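Undergrad: I'd like to go over a predicted model; first the sequence, then the structure.
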Amino acid sequence: MKSKYKRVIKGSTLAQRGAAILSIVALLASTLAASISAQSMKAPASKSAAKLSEDQRILHVLNRLGFGARPGDVERVKALGIDHYITQQLFPEKIDDSASEARLENLGALRMTNAELYEKYPQPGQLLKQLQKRGDLPADLAAARDNRVKGGANAAPNANAAKTGEAMTGEMQGPDAAKANDQAKNNAQANNVAANPMDNPEYRKAVREYFMENNLRPAQFLTGELQMSRILRAVYSERQLQEVMVDFWTNHFNVFAGKGADRWLLISYDRDTIRPHTLGKFYDLLLADAQSPAMLFYLDNFQSVSPDAQLGPQQRPGAARGPLALLRMGNNPQQQRPQQQQQQRRGINENYARELMELHTLGVDGGYTQKDVQEVARCFTGWTIFAPRGAGAAAQAIANGRLADRLRTDAGKFFFNPRAHDDGEKIVLGHKIPAGGGMKDGLMVLDIVAHHPATAKFIATKLVRHFVSDDPPPGLVDRVAQTFLKTDGDIREVLKAIFFSPEFNSADAYRAKVKRPFELAISAVRTLGADTNGGPQMHQWIARMGQPLYGFQTPNGYSDVAENWVNTGALLERMNFALSLASNRIPGTRVDLSRLVGDMKTGGVVDKAKLLDRFVTLIVGGEISPQTRETLLKQLSDQVTLPTMPPAQTAAAKAPPNPFEAAFQRGGLNPGGGGGGPQQQLASVSPATIDNPVVKIAGLILGSPEFQRQ
């Protein structure tokens with residue numbers, strides 16, 4: 001395994017970036033690869049029986065129940081008592097987290113309903129239709145739109161732009177999407193075709209001015225602000241286990257931000273679906289997720305209708321031409337097609353039913369059949385969303401009336417449509433669901449699967465894998481599954497069974513997991529005591545390392561095992577991130593290393609071994625392999641002259657400015673397309689380009705194999 005990674009490195013263009021970073025990445029890859037192989041083999045009895053020291057157990061708890069230790073955290077937990085700290089984290093509602101929440105003050109989207117988000121952050125195309133329908137479309141905006149349409153109609157089609165589609169429009173797609181878009185633009189320019197023939201400066205200017213005058217904002221704000229909130233909470237929250245469980249359940253019930261209306265619906269998904277249920281009963285979380293507009297839209301259940309449903313005249317596809325048609329059928333794009341095609345596509349959608357059993361509850365080997373999938377899909381017909389895309393055109397077209405009022409308050413909310421429901425008898429996993437149950441059919445399914453032994457085993461396995469080891473100990477999984485069943489799926493009790501188990505507190509589990517990119521980024525910021533605004537450049541780095549938040553397209557979510565994260569390219573990006581963070585090259589994030597070496601002889605000569613030991617203790621608890629230590633020492637001269645460090649800085653304990661608002665005010669994030677946003681090009685950093693030895697050694701240890709594990 002070790003030689004394999006070295007061959008990959010030598011065969012790539014990475015050698016051009018300097019021998020120093022090559023040696024570290026080679027060490028990182030080979031060490032992590034070796035640790036993955038070791039985890040697949042049975043550990044020696046002597047190691048399994050070994051106990052962690054008190055400091056090791058504290059670091060273990062801070063790394064697994066949270067996102068790593070900040071300066072002084074080990075001492076605080078030691079004074080409090082490890083068991084007391086764990087119990088405290090299991091009851092986050094009792095922990096004062098007002099200081100952390102205050103940092104979110106400038107992220108206004110987090111406090112809005114779905115209906116308010118649709119109104120505040122409209123799609124420009126939909127907005128123009130609203131204004132035209134009301135007769136309120138400004139002349140300059142109409143002219144800009146007409147010129148844009150004419151330009152598009154006369155331009156040759158761009159095949160590459162068409163292929164990128166909706167999935168490429170979000171800021172969430174990471175480096176691969178950015179490369180694809182750049183390639184599409186380059187190909188278009190090579191053929192004398194605009195990358196987006198419907199785009200022009202006049203249109204962008206007119207749309208932006210209208211947004212400014214009417215206090216509207218681009219939809220790009222939404223995912224960006226949600227990402228910021230996740231980062232800020234993970235870095236600063238005292239409720240560390242709560243944030244870890246938000247990350248776990250968000251990945252378990254994965255929703256992709258790039259799918260249509262989910263950009264608007266994910267704010268509520270995080271706030272109303274995931275966060276309130278992270279440590280409660282699993283059934284309550286499952287129900288909240290089943291009724292979540294974000295999940296209903298992502299897995300298409302909002303369009304699932306019984307083929308035999310008797311819809312009223314205003315509910316039949318193509319039958320109505322008023323605004324109700326836009327609402328009743330979920331603002332479906334198919335409404336623009338001929339009625340015959342619409343009726344052919346109408347029917348039951350099995351996506352949610354399948355993922356409910358395979359990914360959310362029973363697991364792929366949970367004992368269900370294709371017939372069960374079909375029956376479950378029938379049970380969830382009629383579980384839909386009121387005005388799933390906002391139905392703004394209808395809302396603005398009706399001057400008064402109850403429908404307009406409801407649209408302005410209830411757009412984007414879950415509701416059950418009995419006329420779309422299959423009310424016949426169903427059989428699910430051997431359980432009879434009587435005819436005529438209506439919405440109760442879906443509730444019965446959720447009750448069946450939430451309390452099924454296969455679900456207990458599946459959830460126990462995932463939680464033990466996440467908190468203990470990539471290869472979950474079978475005995476612990478069985479005990480945790482029994483706790484799940486005995487406590488009616490009480491997540492808090494299930495976690496308690498894990499955290500106080502011998503397996504969790506064993507030497508086998510210590511530093512046995514490889515951090516995923518989000519965990520790595522947050523733990524690095526916390527370890528150095530850095531201050532961050534959680535802004536776009538942090539989003540970019542997390543995406544560049546392979547884990548854009550809300551950017552995984554398929555329902556299974558990001559992998560929780562090391563082998564999917566250990567490859568040469570990803571490890572190189574981790575090293576680049578570590579060096580960029582330590583050298584203060586991430587806009588919006590600031591590190592003050594001076595306070596970490598304040599008692600050393602600043603401006604004088606310090607033995608390199610002493611400097612290394614200082615940072616090894618601060619960053620990885622003093623534990624580093626001889627191989628890593630030797631490699632790191634080679635990056636420093638025999639005696640290091642410490643530069644004069646600036647005075648220690650105090651981290652800002654207030655809400656950082658909203659970088660998306662700042663970008664919009666200066667002309668970026670144009671809602672009409674084009675214009676620069678708050679993101680900047682991320683530059684790679686090599687140890688050879690860093691003159692400051694304090695910065696160099698801090699960055700290299702953050703990129704070391706020891707820090708990559710938790």
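TA: Sure thing, it's come through.
Undergrad: just checking, what packs against the helix or strand containing residue 223?
TA: Residue 223 is part of helix 220-236 when elements are defined by DSSP states H and E. Here helix 220-236 touches helix 98-102, helix 240-252, helix 262-268, helix 517-527, strand 531-532, helix 536-544, helix 659-665, going by 3 or more C-beta pairs under 8 Å, 6 or more residues apart in numbering; DSSP states H and E. Placement of C-beta: from N, CA and C, glycine included.
Undergrad: ok, and the closest non-adjacent residue to residue 702?
TA: The shortest distance from residue 702 to any non-neighbouring residue, by C-beta to C-beta, 6 or more residues apart in numbering, is to residue 578 (3.6 Å).
Undergrad: now swap in residue 655 and tell me
TA: Counting by C-beta to C-beta, 6+ apart, the residue nearest residue 655 is residue 105, at 3.8 Å.
Undergrad: need the contact list for the most centrally placed residue in the chain.
TA: In the chain, the residue lying closest to the centroid (C-alpha atoms, centre = their mean) is residue 549, at 2.5 Å. Taking C-beta atoms under 8 Å, 6 or more residues apart in numbering, we find residue 549 in contact with 172, 226-227, 230, 518, 539, 542.
Undergrad: can I get the residues you listed in a markdown table with distance to residue 381, neighbour count and pLDDT?
TA: Compiled in a markdown table, these are given as follows (distance: C-beta to C-beta, whole Å; neighbours: other C-beta atoms under 10 Å; pLDDT from 0 to 100):
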| residue | distance to residue 381 | neighbour count | pLDDT |
| --- | --- | --- | --- |
| 172 | 31 | 24 | 36 |
| 226 | 30 | 23 | 97 |
| 227 | 34 | 26 | 97 |
| 230 | 34 | 22 | 98 |
| 518 | 36 | 24 | 98 |
| 539 | 38 | 26 | 96 |
| 542 | 38 | 25 | 97 |
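Undergrad: between the residues you listed, which is nearest residue 354?
TA: residue 172 (24.6 Å; C-beta to C-beta).
Undergrad: which one of the helices and strands packed on helix 220-236 lies closest to residue 621?
TA: Closest among those, once you apply C-beta to C-beta, is helix 517-527, at 10.1 Å.
Undergrad: centre of the chain to that closest one, how far?
TA: Taking C-alpha atoms, centre = their mean, to the nearest Å, one finds helix 517-527 lying 14 Å from the centre of the chain it belongs to.
Undergrad: what does that helix contact?
TA: Contacts with helix 517-527, where a contact means C-beta under 8 Å, 6+ apart, come from 63, 67-71, 231, 234-235, 247, 515, 530, 532, 538, 541-542, 545-547, 549, 565, 570, 574, 577-578, 581, 589, 618-619, 702, 707-708, 710.
Undergrad: hmm, back to that, what is the neighbour count of the residue nearest to residue 702?
TA: Counted with other C-beta atoms under 10 Å, the neighbours of residue 578 add up to 26.
Undergrad: spit out the contact partners of it.
TA: Counting by C-beta under 8 Å, 6+ apart, residue 578 has contacts 524, 699-700, 702-703, 707.
Undergrad: and it, what element?
TA: helix 568-582.
Undergrad: beyond that helix, next helix or strand please.
TA: strand 589-590.
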